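1. no FASTA, just this:
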């Protein structure tokens, strides 16, 4: 259940790059979609078919387009998405720039929310700025780049609080 009260189980993903980096999403991720109240996707879907598939399975999607997403995805998704989930104010964006200075830049741009979910780097990130803004990057479930594993995140929002944030590492693809 999402909204201003209750709780919401969140699935955070980004940089799926289907079918460029993988033909499809891993089975573990589809299972997480079914368990989630809200799927948050921080861009770089690559094909609109993935958005359609997620919309068919997810209870709710909060997503944005990324730099690898063409006109068909940009027509259906915003550059920045904002949502209230169980009293938690959340924003989603694909790019936040280089790691150096990220906290300050994000506070300046998104200081009115509790949590900012972002992607682009494929590198998991979980920090809190001095002003209390939580920054989360779930990495990528299909392209680990320089990371030891492909990843995604889950979390719970309730009464304006985000907790149970967990980074999930996927087994290597065969």
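-> Received it, and whenever you're ready, just let me know what you need. Just so it is clear, the model here is predicted, and its values are computed rather than measured.
2. and residue 131, how many neighbours?
-> Number of residues near residue 131 (other CB atoms under 10 Å) recorded here: 11. Glycine gets a C-beta too; all of them are placed from N, C-alpha and C.
3. against residue 82, how distant is it?
-> Distance of residue 131 to residue 82, given as CB to CB, to the nearest Å: 18 Å.
4. and what of residue 115?
-> Separation of residue 115 from residue 82 (CB to CB) stands at 11 Å.
5. what touches both of the two?
-> Both residue 115 and residue 82 are in contact with 89, 90, 91, where contact means CB atoms under 8 Å, 6 or more residues apart in numbering.
6. just the ones of those residues in strands?
-> Mapping the shared contacts of residue 115 and residue 82 onto strands (DSSP state E) picks out 89, 90, 91.
7. which residue packs closest to the last one, ignoring adjacent ones?
-> Leaving out its chain neighbours, the residue that sits closest to residue 91 by CB to CB, 6 or more residues apart in numbering is residue 113, at 4.5 Å.
8. who are the contact partners of that neighbour?
-> Counted by CB under 8 Å, 6+ apart, residue 113 has contacts 82, 89, 90, 91, 133.
9. please, which helix or strand holds it?
-> Using DSSP states H and E, residue 113 is not contained in any helix or strand.
10. okay, buried residues for the helix or strand containing residue 72 please.
-> Here residue 72 sits within helix 71-74, counting by DSSP H and E. Neighbour-count burial for helix 71-74 flags residue 73 (criterion: 16 or more other CB atoms under 10 Å).
11. equivalent analysis for stretch 132-140, please.
-> 133, 134, 135, 136, 137, 138, 139, 140.
12. and if you look at stretch 56-68?
-> Residues 58, 61, 62, 63, 64, 65, 66, 68 are the ones in stretch 56-68 that count as buried (16+ other CB under 10 Å).
13. is it true that the last one touches residue 46?
-> So the one you mean is residue 68. Yes - with contact defined as CB atoms under 8 Å, residue 68 reaches residue 46; the gap is 5.5 Å.
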